[in-house]
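Student: How does the following fold in three dimensions:
(2 chains)
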Amino acid sequence: MPNLQRLKNLSGSASIVGVAESDSLGKVPEKSPLALHSEAALNALNDAGLQLSEVDALFTAGWSTLDVAEYLGIQPRFTDSTSVGGSSFVIHLAHAMAAIAAGYCEVALITHGQSGRSDRAPIPRNPGAPMTQYEYPYGIIGPPISYAMACRRYMHEYGEDRTRQAMAEIAVSTRKWANLNPKAYFHDTPLSFDDYHDSRWVAWPFHLVDCCLVTDAGAAIVVTTPERAKNSRKGGISVLGAGEGHDHSMISQMPDLTRAFGRNTGPQALEMAGVKHSDLDLTMIYDSFTYTVLVTLENLGFCPPGEGPDFLADQVSAPGGSFPLNTNGGGLSYTHPGMYGIFTIVEAVRQLRGEAGERQIDKHELALAHGTGGLLSSTGTVVLGRS
Amino acid sequence: MSPEYTKPVPVPQPESDHYWEQAKSGKLVFQKCSDCDSVQFYPRILCVACSSRSLDWIESSGKGTLFTFAIAHVPPHPGFREDLPYITAIVELEQGVKMPSQVIGIEPDPDLLHIGMPLEVVFEEISESISLPKFRPAE
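Tutor: Down below sits the predicted model:
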């Protein structure tokens, strides 16, 4: 089990000094996935006021760090290709902190790049793996169908109509935030509750607007020591708490369909940071689906199991509401190349710095970012604060 | 079995050869630990409850209940395009294990499908060596 006393000593021992996306997001067929990684890396280093030559640790998922480092022309002294789905990059941030605190490296670069929409050569899966052997033959392939089965179970346990209402609240509030973010795919497209209910089915009980976008995009994060962060261009955002883990791979092996691993990573990250839910000014939750947000908020302990629909009622998570959530417009309405987790951190850092423009929240001291990977399989949670 | 079967076909592994061989002969089998009596799906070389390597095969009654489901309206793979909409499911077998499958023999209408409804196994031959266990509403 994690040693919480030692984790508390680790709290704040690394700082985020640079965040960025690739030059363009959305439909970007003219850029390869590695080009998106690289654009984002250069942009994040520029944000930090650092050079690529100063990077001594590399973290990525989807691609191996071997490929990304070679493409960038760097020779890292610490390398981590932990690839457990879209949560990976949140987990990388915790690993970067541990590596920096242990002395393995000083300037860690976390990169992401994926052409979910335009990829000419998606990576195939091993046909002998349990998932391809036992689920794929039934057409249980990919996130929408798998998450939809988890959602249907949640509806059975806690009520279909109130679950549906919560999903609509999330879709609508997230779109309102996207309407304030010029980089959001749906920046110019509003979404009403009627639009939500009229949306076509993808995998019942999911409408199209319950599902995240599929885009092309990259993002990157630069992490360093608190000492070096003081002299960086914009100062540092401290990594105060973290938790990671997973409890299954394919959806039919999930121990409890309504309780993902955030039940462990949320409390751990908050305790390590020494803060409570009510201290948080911003919550960034990987919204692969509207349902993912609903169940994740419960798993993380924002409210008891089954009470998410009450917690989210009346657009509390929309701009101007009491619970700022996914202020970039999320995977649902801003961007989602396939493994979105890194963007929760990019937005949290921008909000904490006070550079979120029209969507800037008023109080911005403390944020939680949470990624879910695979088929509700893995989670990574971090708590971030202004240094 | 159609010569143009275009859906993913399982590639059995050494620990699952027996499962697929039995399915081919119309039997649904799973593992039971001879040390702690736990049952498990899918086949492994150890018991996930107690780590014992002493596992027996037991035959399922073929009866179970619907634990959860979804209805696919968009094909996640080109091979499923003609089947839309189709019902994916997690089925809880009488002896306690849960397995992924499809529910067939009923309209893909969420109002007709109920969590807990009784189901029974049927086998669909998809290749010379593979038959897929699927489920239909029980009599």
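
Student: So in terms of bridging, what pairs with the nearest residue to residue A:337 once chain neighbours are set aside?
Tutor: Nearest in space to residue A:337, with sequence neighbours left out and distances taken as Cβ to Cβ, 6 or more residues apart in numbering or on different chains, is residue A:114 at 3.7 Å. Backbone N, C-alpha and C define where each C-beta goes, glycine included. As for beta bridges, residue A:114 partners with residue A:217 under DSSP bridges.

Student: Just give me the neighbour total for residue A:114.
Tutor: Other residues lying near residue A:114 total 25 when counted by other Cβ atoms under 10 Å in any protein chain shown.

Student: Wasn't residue B:121 part of a helix?
Tutor: No - Residue B:121: not assigned to a helix; according to DSSP: H, G, I helix; E, B strand; the rest coil it is strand.

Student: if we can go back for a sec, quick one: the residue nearest to residue A:337 and residue A:18, what's the gap?
Tutor: Going from residue A:114 to residue A:18 by Cβ to Cβ, to the nearest Å gives 20 Å.

Student: So which residues of chain B form helices?
Tutor: Counting by DSSP state H, one finds helices in chain B at the ranges B:17-24.

Student: what's around residue 78, how many residues?
Tutor: No chain was given, so I picked chain A. Residue A:78: 19 surrounding residues under other Cβ under 10 Å.

Student: try chain B instead
Tutor: The local packing of residue B:78 (other Cβ under 10 Å) involves 9 other residues.

Student: Ok, residue A:73 next?
Tutor: By the criterion of other Cβ under 10 Å, residue A:73 has 9 neighbours.

Student: For it, which non-adjacent residue is spatially closest?
Tutor: Sequence neighbours aside, residue A:52 is the residue nearest to residue A:73 in space, at 7.7 Å (criterion: Cβ to Cβ, 6+ apart).

Student: and the one you found, what does it touch?
Tutor: Counting by Cβ atoms under 8 Å, 6 or more residues apart in numbering or on different chains, residue A:52 makes contact with A:41-42, A:45, A:72-74.

Student: Weed out the non-buried ones from these.
Tutor: A:41-42, A:45, A:72, A:74 (16 or more other Cβ atoms under 10 Å in any protein chain shown).

Student: Can you list which of those residues are found in helices?
Tutor: Among the buried ones among the contacts of residue A:52, the ones falling in helices (DSSP H) are A:41-42, A:45, A:72.

Student: farthest-separated two in those residues?
Tutor: A:45 and A:72 (10.3 Å; Cβ to Cβ).

Student: Of the buried ones among the contacts of residue A:52, just say which sits nearest to chain B.
Tutor: Nearest to chain B among the buried ones among the contacts of residue A:52 is residue A:41, at 31.9 Å by Cβ to the nearest Cβ.

Student: what about the closest residue in space to that closest one that isn't next to it in sequence, how many neighbours?
Tutor: In this structure, residue A:41 finds its nearest non-sequential neighbour in residue A:220, 4.5 Å apart by Cβ to Cβ, 6+ apart. Burial of residue A:220 is recorded as 31 neighbouring residues (other Cβ under 10 Å).

Student: So which other helices or strands are in contact with the helix or strand harbouring residue A:38?
Tutor: Secondary structure from DSSP states H and E places residue A:38 in helix A:33-48. Here helix A:33-48 touches strand A:15-21, helix A:65-72, strand A:107-115, strand A:216-224, going by 3 or more Cβ pairs under 8 Å, 6 or more residues apart in numbering or on different chains; DSSP states H and E.

Student: In its sheet, which strands sit next to the shortest one, and in what direction?
Tutor: I take that to be strand A:15-21. Strand A:15-21 has the following strand partners under DSSP bridges: strand A:216-224 (antiparallel), strand A:237-246 (antiparallel).

Student: Other residues contacting that strand?
Tutor: The contact list for strand A:15-21 (Cβ under 8 Å, 6+ apart) reads A:40, A:43-50, A:93, A:183, A:217-226, A:228-229, A:232-239, A:335, A:343, A:345-346, A:349-350, A:384, A:387.

Student: Could I get the pLDDT score of the nearest residue to residue B:136 once chain neighbours are set aside?
Tutor: Taking Cβ to Cβ, 6+ apart, and ignoring the residues beside it in sequence, residue B:136 has residue B:105 as its nearest neighbour in space, at 3.6 Å. Confidence at residue B:105, expressed as pLDDT, is 98.

Student: try residue A:364
Tutor: Confidence score, pLDDT, at residue A:364: 98.

Student: Stretch A:129-147 spans what distance, first to last residue?
Tutor: 20 Å (Cα to Cα, to the nearest Å).

Student: in it, what counts as buried?
Tutor: Quick answer for stretch A:129-147 (16+ other Cβ under 10 Å): A:130-147.

Student: Within reach of chain B, which of these are there?
Tutor: A:130, A:132-142, A:144-145 (Cβ under 8 Å from any Cβ of the partner chain).

Student: how about the residues of chain A near chain B?
Tutor: Residues of chain A that fall close to chain B, judged by Cβ under 8 Å from any Cβ: A:127-128, A:130, A:132-142, A:144-145, A:148-153, A:156, A:200-206, A:250-252, A:257.

Student: Among these, which are located in strands?
Tutor: Among the residues of chain A next to chain B, the ones falling in strands (DSSP state E) are A:201-204, A:206.

Student: what sits against the residue of chain B most remote from its centre?
Tutor: Distance from the C-alpha centroid of chain B, by Cα atoms, centre = their mean, peaks at residue B:35 (25.2 Å). Residues counted as contacts of residue B:35 (Cβ under 8 Å, 6+ apart) are B:47, B:50, B:52, B:54.

Student: what's the pLDDT at it?
Tutor: Looking at residue B:35, its pLDDT stands at 98.

Student: so what's the backbone phi/psi at it?
Tutor: Dihedral pair for residue B:35: phi -90, psi -50, per degrees, to the nearest 10.

Student: Equivalent analysis for residue A:363, please.
Tutor: Torsion angles at residue A:363 (phi, psi; degrees, to the nearest 10) stand at phi -100, psi 130.

Student: Show the buried residues in the contacts of strand A:15-21.
Tutor: The neighbour count (16+ other Cβ under 10 Å) marks A:40, A:43-45, A:47-48, A:50, A:93, A:183, A:217-225, A:228-229, A:232, A:234, A:236-239, A:335, A:343, A:345-346, A:349-350, A:384, A:387 as buried among those.

Student: mind listing what's buried in whichever strand or helix holds residue A:92?
Tutor: Secondary structure assigned from DSSP H and E places residue A:92 in helix A:88-102. Residues of helix A:88-102 classed as buried by neighbour count (16+ other Cβ under 10 Å): A:88-100.

Student: would you turn those residues into TSV with distance to residue B:110 and pLDDT?
Tutor: Converted to TSV, those look like this (distance: Cβ to Cβ, whole Å; pLDDT from 0 to 100):
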residue	distance to residue B:110	pLDDT
A:88	34	98
A:89	35	98
A:90	34	98
A:91	36	98
A:92	39	98
A:93	40	98
A:94	40	98
A:95	42	98
A:96	45	98
A:97	45	98
A:98	46	98
A:99	48	98
A:100	50	98
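
Student: of all the residues you listed, which comes closest to residue A:35?
Tutor: When the buried residues of helix A:88-102 are compared against residue A:35 (criterion: Cβ to Cβ), the nearest one is residue A:89, at 18.1 Å.

Student: if we can go back for a sec, right, and the strands paired with strand A:15-21 - which one's nearest residue A:163?
Tutor: Nearest to residue A:163, of all those, is strand A:237-246, at 24.5 Å by Cβ to Cβ.

Student: Pull the distance from that closest one to the chain's centre.
Tutor: Distance of strand A:237-246 from the chain centroid (Cα atoms, centre = their mean, to the nearest Å) equals 12 Å.

Student: got any ranges where chain B has weak pLDDT?
Tutor: Along chain B, the model assigns pLDDT under 70 to residues B:1-3.
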